Each structure stands twice: as C-alpha cells, then as structure tokens.
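Student: Quick one, what's the 3D model for this:
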Amino acid sequence: MPTIYEYFGIVFLFHYRDEHLNDIHVHIRYAGTESKADIKYVGGKLSKIVFKKAQDCKPIPKNKEADARAFIEKYHKQITEKWIQAFIKKSKPKFEAITKKIK
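Tutor: Okay, here's the model as predicted:
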C-alpha cells in the first residue's frame, strides 16, 4: 500500500486490496483515523470529491477532511496519474511530502 503524499500530518495512500475497484480514490489517514475519497470526473474535469468511511476505521476529523479536500482539489490530476501508475501500469508511484500550505 504505497503512500503517495504527506501534507502536514495528513497521509494519502492507496490500498492494493482495492485493486478490484474501478473508481479513482485515495485513502486519507490522520492520527489513527482513516477515510476514503472518491474522485469523480465528468468530461475530463473534476466534478466532485466524495468522502466515505474506510472499513473498520474511525473517519478523519472534519477539519482535517476540509484540509484533505482542499489538497485533493489542488492535486487531483497528480493523484489520478499516481492511481493509474499503481493500478493500471502496476508500478509503485513516487512519494512526495508537500510542505507548502494550500490557500
């Protein structure tokens, strides 16, 4: 399960056990909690981000969900590229630590 980003303590990763799922999504962990965010596109443009509870985990706090949503809105193309790399091309995506706050 590769970690693809870390943003001020929020960790974004993929679960290889999710390989059977066709929807582009990323798991988000923060301080012992975890949620999943589905990334939806319409006509090649980001249409919505849907947060869901990860299986057997307490969801991330709402304030961190807002930070994660802002991050995904800014980096959705890169997350999608890494998802394709991991699940379609079967190679490990590169980890990146993002240390600049998103406005």
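
Student: Touching, residue 65 and residue 51? I think so.
Tutor: Yes - proximity of residue 65 to residue 51 meets the contact threshold set by CB atoms under 8 Å, at 5.8 Å. Heads up, the C-betas are built off the backbone N, CA and C, glycines and all.

Student: Between those two, which contacts overlap?
Tutor: 35, 59 (CB atoms under 8 Å, 6 or more residues apart in numbering).

Student: Quick check: residue 36 is in a strand.
Tutor: Yes - counting by DSSP: H, G, I helix; E, B strand; the rest coil, residue 36 is part of a strand.

Student: Okay, it and residue 68: tell me how far apart.
Tutor: 11 Å (CB to CB, to the nearest Å).

Student: Looking at these two, which has the bigger crowd around it?
Tutor: Remark: of residue 36 and residue 68, residue 68 carries more neighbours, 24 against 21, as counted by other CB atoms under 10 Å.

Student: Can you give me the distance of that one to residue 89?
Tutor: From residue 68 to residue 89 the distance is 25 Å (CB to CB).

Student: same thing with residue 17?
Tutor: From residue 17 to residue 89 the distance is 18 Å (CB to CB).

Student: Repeat that for residue 49.
Tutor: Residue 49 is 24 Å from residue 89, by CB to CB.

Student: Compare neighbour counts for the two and give me the winner.
Tutor: More crowded of residue 49 and residue 89, by other CB under 10 Å: residue 49, with 18 against 9.

Student: And the residue in the chain sticking out farthest from the centre, how far from residue 73?
Tutor: Largest separation from the mean C-alpha position in the chain: residue 43, at 20.6 Å (CA atoms, centre = their mean). To residue 73, residue 43 is 17 Å away according to CB to CB.

Student: Equivalent analysis for residue 33, please.
Tutor: In terms of CB to CB, residue 33 sits 21 Å off from residue 73.

Student: Comparing these two, which shows the higher neighbour count?
Tutor: residue 33 (16 against 12).

Student: Can you tell me who that one pairs with across the strands?
Tutor: For residue 33, the beta-bridge partners are residue 30 (DSSP bridges).
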